[in-house]
Structure formats: structure tokens, C-alpha cells
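Participant: Next comes the sequence, and after it the predicted model I'd like to discuss.
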Amino acid sequence: MDIYHNLTIIIVCFKSFKLIEKNLEVLKNFKTIIVDNSSCDKTYNIVKGFDNIKFIKTSQNLGYGKANNLGVSKANTQYILILNPDIIVNTDAINTLYMKTFEYNDIGILAPSLYSENNERKSNGSKSFLKKKFFKKNTNINNLANGDTCYDYIIGCSFLMKRNLFNKVGGFDEDFFMYFEDNEFCDRINSFKKSVIEIPSSKMIHIEGKSSEKDFIVSCKLSIIHKVSEFIYLNKNFSKFQVYKILIIQLFDFVQRMFFNFLLFKFKKSFKNLLRIISILMYVTSSYKLLY
């Protein structure tokens, strides 16, 4: 079957109508499912005239992983392409990923190389978060692949895989509201003895951090959620004793950094560490769920 009938693009968005509009010329040619986590109607107004685009508005913000799981559950094609709204996509890049599925056995995830708006190459494939954080000396990996390259982890902003494999490994872990769900998902893909591969010949532009408009309060919330997600991820890989040991060490470190930066008039850095301290406290008390 051809790519237009055998692949569904899944996009989870939150007030991302401007970016959806930028991709509309491509999206209108593919089976596409958009899951909108916001109360804004602007995205729906942009896509409502296209029969191939299925629009799902959630009653509340489900978070990234859960909303993607919902979108995939509505797909009926062999392949799915998980796509962030801040990816500027093109048909050639999608087709390159799709054609690579016929070249390799035991494929788990195929992902493009990522570029900035200025056409600067950005890292995509990487060693696992745990290796980077705890085993730095033994696992040096060049993040810029020259050819098709297997990695522990691929950034979850754009990747293609078989729908039945996505379901087989259990989809995204819904314990993560946002951030680190792609780390954990790649861990499970690897545990199924499937490959996570970056395909440099497939090139997509990643307008990082612009999936939706953010004010100061939202940015603070996202900063806390990111750190909390890291703790949730660690909790899935270590014992409670080990996790709390890490938390205590980090707490003392962040407190010192906050005060020293404040005394040096580095107020932005001081505030950043304050948010990290709040993240630890909210994780320990489980009050972080109030941010969702």
C-alpha cells in the first residue's frame, strides 16, 4: 500500500493552531489525527474542511502521552507517525522514513534528523538518560549520526513505527503528564529487542519550544513538571531508597546554588534553582498533580 493509505500522522497540540496551519499543505494529503488538549477552537476551524483530518477535542488537558495514546487508538493504518506541532514537516522526509521500513528487520522506531529554522543540525539520537546521568565515562556516543544509526533514545517529537508494535509495548506511560515519556518509551522498545534508529536522509525542522504560546506562569509550571517527570522516570528504574537519596542530594545542591546565585546577583539562575526545589517538594508530597 502507498504511504498515503498506510500511514497515519498523530499530532497532540495545545493552542498550536499557527503551527498546524504551517503544516496544513502536507497534513491535508495524509490520514491525520489531531488531538487538541486545549479549550481553543482555532485549530478546529483550520482543519474542519478536510475529510482526511480527524479532529479530537479533549474535555481536559490529558497530557502528551495519554493524548497520543488516544490518537493512536483511533488510527487504523499499519504505520503511525507521532509528530509534535513544532515540527515543520515535508512529504519527502516522511516518505524517506517509510521506505526505510523495508530495509531493516526488527525496527522499533525510525526518526528523522532534526534541524533548526536556520538549517543547523541538532542532536536527536542519544544514549539513555540513565547512562548520561550515572555512567558518563563509559558511554561516549556522538549524537550527530552520519548514516542510519541505532541509539538508546530518540527525541519523541517525530518518529515513525508500526501501530501494532506501539500497542504491543503499551503505548506511552500515562504516569508522565509531559516530558520523559519518550525516554521511558524508548527503554521499552529496546527491551523488546527492537531498534531505535535515526535516519539522517530524512530531515525535519524542529522549532523547539514553540508548540504553544507560553507566558511566565506557564513556563514556570512546565519547568516544575519537567523536573517532576525526571523523578517519576528515576522511580521506575531505581528503588525508593535510591530515588530519595538522589532527591536529598539534589535538594542540598539546589539550595546552595539558589543562595550563591542570589548573592552574586544572578537572579535568573537563583530562581531556576528555586523552581527545582519546589519540584522536589511537590514530587515528594504528590502535589504536582495540581499543575496538570
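Facilitator: Received, thanks. On a predicted model such as this, the values are computed, not experimentally measured, just so you know. Numbering: from 1, shown residues only.

Participant: pull the helix or strand with minimum mean pLDDT from the chain.
Facilitator: Within the chain, no helix or strand scores below helix 129-134, which has a mean of 78 by mean pLDDT, DSSP states H and E.

Participant: The following helix or strand past that helix pairs with which strands?
Facilitator: Following helix 129-134 in sequence order, the next helix or strand is strand 149-150 (DSSP states H and E). Sheet pairing of strand 149-150 (DSSP bridges) gives strand 195-206 (antiparallel).

Participant: what comes up buried for the strand it pairs with?
Facilitator: Buried residues in strand 195-206, defined by neighbour count with 16 or more other Cβ atoms under 10 Å: 195-200, 202-206. Glycine gets a C-beta too; all of them are placed from N, C-alpha and C.

Participant: for the residues you listed, which one is nearest residue 236?
Facilitator: Within these, the smallest distance to residue 236 is 18.0 Å, found for residue 196 (Cβ to Cβ).

Participant: What is the most widely separated pair among the buried residues of strand 195-206?
Facilitator: 195 and 205 (24.7 Å).

Participant: From residue 271, how far off is the residue of the chain most remote from its centre?
Facilitator: Of all residues in the chain, residue 263 has its C-alpha farthest from the mean position, at 36.0 Å, by Cα atoms, centre = their mean. Taking Cβ to Cβ, to the nearest Å as the measure, residue 263 falls 14 Å from residue 271.

Participant: go on, residue 217?
Facilitator: 13 Å.

Participant: again with residue 33
Facilitator: Separation of residue 33 from residue 271 (Cβ to Cβ): 39 Å.

Participant: which one of the two has more residues nearby?
Facilitator: residue 33 (22 against 15; other Cβ atoms under 10 Å).

Participant: quick one: pLDDT of that one?
Facilitator: The per-residue pLDDT reported for residue 33 equals 96.

Participant: could you dump the helix or strand harbouring it to CSV, C-alpha only?
Facilitator: For residue 33, the host element (DSSP H and E) is strand 31-36. Output of strand 31-36 as CSV, limited to C-alpha atoms (Å, rounded to 0.1, in the frame of the first residue of the first chain):
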residue,chain,number,x,y,z
LYS,A,31,-4.6,10.4,7.1
THR,A,32,-4.1,12.7,10.1
ILE,A,33,-5.5,12.6,13.7
ILE,A,34,-5.2,15.8,15.8
VAL,A,35,-5.8,15.6,19.5
ASP,A,36,-6.3,19.1,20.9
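
Participant: Contacts for that strand next, please.
Facilitator: The contact list for strand 31-36 (Cβ atoms under 8 Å, 6 or more residues apart in numbering) reads 4-5, 7-14, 20, 43-44, 47, 52-58, 62, 67-68, 70-71, 74-75, 77.

Participant: Emit the PyMOL select command for whichever of those residues are buried.
Facilitator: Buried residues within the contacts of strand 31-36, by 16+ other Cβ under 10 Å, are selected in PyMOL with:
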select buried, resi 7+8+9+10+11+12+13+14+20+43+44+47+53+54+55+58+62+67+68+70+71+75+77
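
Participant: Residue 158 pairs with what?
Facilitator: Beta-bridge partners, per DSSP bridges, of residue 158: residue 83.

Participant: Which secondary structure elements does the least confident helix or strand of the chain sit against?
Facilitator: Using 3 or more Cβ pairs under 8 Å, 6 or more residues apart in numbering; DSSP states H and E, no helix or strand is in contact with helix 129-134.

Participant: which of the residues in that helix are buried?
Facilitator: 129-131.

Participant: Just put those in JSON lines and tack on distance to residue 86.
Facilitator: Listed next are the buried residues of helix 129-134 as JSON lines, based on distance: Cβ to Cβ, whole Å:
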{"residue": "129", "distance to residue 86": "21"}
{"residue": "130", "distance to residue 86": "26"}
{"residue": "131", "distance to residue 86": "27"}
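
Participant: for those, which one is nearest residue 87?
Facilitator: residue 129 (21.5 Å).
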